[in-house]
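> My questions are about this predicted structure, shown below with the sequence.
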Amino acid sequence: MNDAITAKGMDQLKNVLFPNEEYDVAYESDGRVDCDGRLKLSVIIPTYNRFDMLLKSVASVCHVEQRPLEVIVVDDGSNDGTAERSTEIKAICETAGADFQFIRQNNAGAATARNTGFAASNGQLVMWVDADDTVDSNGV
């Protein structure tokens with residue numbers, strides 16, 4: 001894949017940075033730009049035994065202004081009931097209109113969990129947030 005920024009890439013970047021400006025957006029056949037010209041943000045949250053903090057983190061991510069939004073929680077082998085309570089996380093995302101993925105893996109560490117989330121992401125923009133962090137609504 002070519003990493004050079006093309007004119008199309010610049011149009012996409014302008015649309016994210018200046019969404020109220022009117023200009024033509026190049027739509028890619030591979031779906032990199034959705035129907036209203038905004039790039040999808042995938043937020044990856046690796047977690048290990050942090051369910052008590054995870055709900056607050058997910059709620060803060062779901063309130064960011066960037067849309068479309070995808071939240072990916074990667075449970076790195078938690079034994080605190082995170083997987084069993086993933087429907088609570090899903091409900092927060094659905095209420096906010098965000099796509100949601102929950103991935104459970106054997107404990108392999110935060111870096112592997114981040115990579116797992118990245119491999120599953122569908123967004124053109126990616127952001128990593130730890131399970132004990134919160135995000136300001138206009139912080140993206």
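Perfect, thanks for sending it.
> quick one, helices of this structure?
Under the criterion DSSP state H, the chain carries helices at the ranges 7-17, 51-62, 86-96, 110-120.
> Let me know which of those is tucked in deepest.
For these, ranked by mean neighbour count under the definition mean count of other C-beta atoms under 10 Å, the leader is helix 51-62 at a mean of 20. The way it works is simple: take the backbone N, C-alpha and C, and place the C-beta from them, glycine included.
> Would you enumerate the residues in contact with residue 49?
Applying C-beta atoms under 8 Å, 6 or more residues apart in numbering to residue 49 gives the contacts 78, 79, 80, 82.
> Neighbour-wise, give me the winner out of those residues.
The member of the contacts of residue 49 that has the most neighbours, counting by other C-beta atoms under 10 Å, is residue 82 with 24 neighbours.
> wait, isn't that residue in contact with residue 52?
No - between residue 82 and residue 52 no contact is recorded; they are 9.8 Å apart, counting by C-beta atoms under 8 Å.
> quick one: stretch 94-101 to chain centroid distance?
For stretch 94-101, the distance from its own C-alpha centre to the chain's C-alpha centre is 10 Å (C-alpha atoms, centre = their mean, to the nearest Å).
> can you give me the end-to-end distance of it?
From its first residue to its last, stretch 94-101 covers 11 Å (C-alpha to C-alpha, to the nearest Å).
> same thing with stretch 76-94?
Calculated as C-alpha to C-alpha, the first-to-last residue distance of stretch 76-94 is 23 Å.
> Contacts made by that stretch with the rest, please.
46-52, 54-55, 58-59, 62, 71, 73, 75, 99-100, 102, 104-110, 112-113.
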